[in-house]
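Student: sequence unknown, structure follows:
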């Protein structure tokens, strides 16, 4: 989802010289293959969006895979970017890097100030390691490697598999199927109380290009909208757009996850970039496009 959005944004800007590989063509977990790829292609700029990702169920179920695959991917790409003298690399992480009970909104300096949310701890640890690796290679080797931490994303090429998807695409699928199959209710995990921030992936892609052109410092930058909603509000919003008239049943035996994850985006705002895409307006577009 993210990689394709970045590609669309760069194409819109007029860039043409892309080096692209699918996961089937290049397994970024395999050190030798990544080394050979960098040796052959001689890349100048790298947007590192590749990762094993998923929602709360996938994060908590495939803990070993999340903690193995993600460091292997980022270690290989970051290291080979150094070895082959890439001019600049942008590493993309996740808002789950922050402590479970960090003050809101989440400021960049809150990293590593408390315990992580247990359900996504392996993924968070991997992404924190990626940030620190970029900073270490900047400190030791002078590499221009930067990091950005996006909030929850949605948009074209999202994952709608209920076993591995994030909450927003999962809700879209559930309400769409409930309406199509005339089901009396839709079951949603948790209490509906947690608050989440959602950004369209095209907004993120625009921010990635902005940062690649404008940002050259250690540490990382939050990328978000600065606005959040409860999961209950999100579910009601999607139900309305889909036109489903049944009930919502909350399965409170399932985990809520982190109580709130709202990004403080003041650092990015001060640089001159802010989100442009409205959640409800674009959700309507995304949902109608799937019909």
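Tutor: That came in fine, so what should we check first? Computed from a prediction, not measured in an experiment: that's the story for all the values here. Residues are numbered from 1 along each chain as shown.

Student: Mind listing what's buried along stretch 52-70?
Tutor: Residues of stretch 52-70 classed as buried by neighbour count (16 or more other C-beta atoms under 10 Å): 52-60, 62-63, 66-67, 69-70. For the C-beta atoms, the positions are set from N, CA and C on the backbone; glycine is no exception.

Student: do stretch 81-95 as well
Tutor: So stretch 81-95, judged by 16+ other C-beta under 10 Å, has buried residues 81, 82, 84, 86, 88, 89, 90, 91, 92, 93, 94, 95.

Student: Can I get these in TSV including distance to residue 20?
Tutor: Shown next, in TSV, are the buried residues of stretch 81-95 (distance: C-beta to C-beta, whole Å):
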residue	distance to residue 20
81	16
82	21
84	17
86	16
88	18
89	16
90	16
91	18
92	16
93	22
94	23
95	27
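
Student: ok, and the helix or strand in the chain with the lowest average confidence?
Tutor: Ranked by mean pLDDT, DSSP states H and E, the weakest helix or strand in the chain is helix 56-61, scoring a mean of 80.

Student: Residues touching that one, excluding its own?
Tutor: Applying C-beta atoms under 8 Å, 6 or more residues apart in numbering, the external contacts of helix 56-61 come out as 66, 118-120, 122-123, 163-165, 167, 189, 255, 257.

Student: show me the contacts for the closest residue to residue 288 other than its chain neighbours.
Tutor: Using C-beta to C-beta, 6 or more residues apart in numbering and skipping the chain neighbours, the partner closest in space to residue 288 is residue 241 (7.9 Å). Residue 241 sits next to 280, 283, 284, 287, 288 when contact means C-beta under 8 Å, 6+ apart.

Student: from what I can see, the last one looks like it's in a helix, true?
Tutor: Yes: using DSSP: H, G, I helix; E, B strand; the rest coil, the secondary structure at residue 288 is a helix.

Student: Just give me the neighbour total for it.
Tutor: 10 (other C-beta atoms under 10 Å).

Student: from now on call the first residue 315
Tutor: Understood, numbering begins at 315; the last thing we discussed is residue 602.

Student: measure it to residue 556 for me?
Tutor: Counting by C-beta to C-beta, to the nearest Å, the gap from residue 602 to residue 556 is 10 Å.

Student: Now the residue nearest to residue 602: which helix or strand?
Tutor: Element membership of residue 555, judged by DSSP states H and E, is helix 545-556.

Student: roughly how far out does that helix sit from the chain middle?
Tutor: Centroid displacement of helix 545-556 relative to its chain, using C-alpha atoms, centre = their mean, to the nearest Å, is 21 Å.

Student: in that helix, what counts as buried?
Tutor: Across helix 545-556, burial judged by 16+ other C-beta under 10 Å covers 545, 546, 548, 549, 551, 552, 553, 555, 556.

Student: now swap in stretch 491-504 and tell me
Tutor: Residues of stretch 491-504 classed as buried by neighbour count (16+ other C-beta under 10 Å): 492, 493, 500, 502, 503, 504.

Student: got a list of what the fifth one touches?
Tutor: This points to residue 503. Taking C-beta under 8 Å, 6+ apart, we find residue 503 in contact with 370, 564, 565, 568, 569, 570.

Student: Which residue ranges of the stretch 315-464 of the chain form helices?
Tutor: Taking DSSP state H, counting those that start in this stretch, the helices of the stretch 315-464 of the chain run over residues 316-327, 345-355, 370-375, 377-397, 435-455.

Student: Going by mean pLDDT, which of these comes out lowest?
Tutor: Here those differ in mean pLDDT, and the lowest is helix 370-375 at a mean of 80.

Student: gap between that one and the chain center?
Tutor: Worked out by C-alpha atoms, centre = their mean, helix 370-375 lies 15 Å from the chain centre.

Student: Next one: residue 462 relative to residue 518, how far apart?
Tutor: According to C-beta to C-beta, residue 462 and residue 518 sit 8 Å apart.

Student: let me fix that: residue 528
Tutor: In this view, residue 528 and residue 518 are 15 Å apart by C-beta to C-beta.
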